[in-house]
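Student: sequence first, then the predicted structure, then my questions.
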Amino acid sequence: MALAASALASCGDKNKAEDPLAESGRTQRTENLLTNLKAMSDSAVYMFGHHDDTVYGIGWEADYDNDSTIHSKSDVKSVCNDYPALLSFDLGRIELGGDRNLDGVPFSRIRQEIIAHFNRGGMVTLSWHADNPLSGGTAWVADSLKDVETRTVAAVLEGGQKHDVFLTWLDKVADFLNSLETPYGVKVPVLFRPWHEHTGSWFWWGQQHCTAEQYKALWQLTEERLKQKGVVNALYAYSPGTEADGDAAKYLERYPGDELIDLLGLDCYCFAPEADTTQIAQYTEHLAKNLKMVCAIAKQHQKAAALTETGYECLKTDNWWTQTLAPVLAQQPICYVLVWRNAHNRPNHFFAPYPGQHSTSDFVRFYNDKRTLFLSDVNGLYLQK
Ligand code: BMA
């Protein structure tokens, strides 16, 4: 009897298998995911991802009070009968301790969706449009507060007037990451992508609002604190905008370092309000140039590479997927491409097709392209190979 009880106790010691590895401080599954992302970054295939895919879309929003709607809907799935391999969610406003993120999605729901997607074999990435702790405003810089914005990064670093508050913000992120656990005690690995698009100046951590040293220190502080708080399931992505314009030294100017970063990314959007072919061609050229640089740097630094955000708002051409996006991605080995959200609460703000949208047939062709990976194509993302 005593023997049986102790055997049970050790089986039930659910955290054992999830102990961090001595070398990296992360779980084996998290390291396996990284190994697989790197291998994919060196191959012809790439995963497709969509932000907020399973929580709302065009003309619908999940019923957040009703559990039975969890992972039942997705615009992408409605079009090609498969989920994206990669889902993305945003932690903006978690720092304030509220229930919902900046786009109105409850954090409890995001947690459930992340665990559900992990259980079906998919991958998750998280961005963080953190509010401004100094001005009290949003992540976006307000012109009227410009002088405050330029002091925000300095204020959150050690010795700054908002340092202590900022630590409590990081702790809220750590609590959330630590809470991503299946009922069997498995920590769900995620790719965390904070402080993105810093080469532009629209966020308080952007180019004109801090020095390179301060930006790097922000990363250092973020990761150190998350580690101290026991986070063992996060990989980290660096995702500038396209301001470096193909210049590797510029891209790396604020790079926090190989010890802190696992994946090198790029956020690059297609702006062509009137389906103007010249503008679309400019996007293709710009994307190709910048992605080529990112892939080369990733190779040198032995990191994974991805197109961390892209999209053509309103998808004004029928064949954007196979004629604009896929040809560029065929030239550059990345592990994933992620398109932004299909907003239910903001007219004309969508980046993935939905039933009836005129790029759906082309999207199905993109889906059927052997190089694109959707949920049914990925298995073993967390296995050791
Ligand atoms: C932006 C827009 C905003 C949204 C934010 C965070 O690009 O989609 O409407 O609030 O991302 O998701």
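Tutor: On my side now, so go ahead.

Student: quick check: Leu329 touching Ala305?
Tutor: No - counting by C-beta atoms under 8 Å, Ala305 is not a contact partner of Leu329; they are 11.2 Å apart. For glycine as for every other residue, the C-beta is placed from the backbone atoms N, C-alpha and C.

Student: when those two are compared, which one has more neighbours?
Tutor: Neighbours were tallied for Leu329 and for Ala305 using other C-beta atoms under 10 Å; the higher tally belongs to Ala305 (28 against 22).

Student: list the contacts of the more buried one.
Tutor: By C-beta atoms under 8 Å, 6 or more residues apart in numbering, the contact set of Ala305 is Ser41, Leu263, Leu264, Gly265, Val294, Cys295, Ala298, Lys299, Gln332, Pro333, Ile334, Cys335.

Student: looking at these, spot the one nearest Ser376.
Tutor: Top of the list for closeness to Ser376, among those and by C-beta to C-beta, is Cys335 at 17.4 Å.

Student: which phi and psi does the nearest residue to the closest one once chain neighbours are set aside have?
Tutor: Taking C-beta to C-beta, 6 or more residues apart in numbering, and ignoring the residues beside it in sequence, Cys335 has Met40 as its nearest neighbour in space, at 3.9 Å. Here the main-chain torsion angles of Met40 (degrees, to the nearest 10) amount to phi -70, psi -30.

Student: doesn't Met47 make contact with Met40?
Tutor: Yes - if you go by C-beta under 8 Å, Met40 and Met47 touch, sitting 7.2 Å apart.

Student: find residues that contact each of the two.
Tutor: By C-beta under 8 Å, 6+ apart, Met40 and Met47 have these common neighbours: Cys335, Tyr336.

Student: return the residues of the protein in contact with the ligand.
Tutor: Asp90, Gly92, Leu102, Asp103, His129, Trp340, Arg341, Arg346, His349 (C-beta under 6 Å from any ligand atom).

Student: what's the local residue count around the closest residue to the last one other than its chain neighbours?
Tutor: The one in question is His349. Among residues not flanking His349 along the chain, Ala343 sits closest, at 4.0 Å (C-beta to C-beta, 6+ apart). By the criterion of other C-beta under 10 Å, Ala343 has 17 neighbours.

Student: with Arg120 instead?
Tutor: For Arg120, using other C-beta under 10 Å, the count is 13.

Student: in stretch 253-265, what counts as buried?
Tutor: Glu253, Arg254, Tyr255, Pro256, Ile261, Asp262, Leu263, Leu264, Gly265 (16 or more other C-beta atoms under 10 Å).

Student: does the last one count as helix, strand or coil?
Tutor: Reduced to three states with DSSP: H, G, I helix; E, B strand; the rest coil, the structure at Gly265 is strand.

Student: can you give me the distance of it to the ligand?
Tutor: With distances defined as C-beta to the nearest ligand atom, to the nearest Å, the gap from Gly265 to the ligand amounts to 15 Å.
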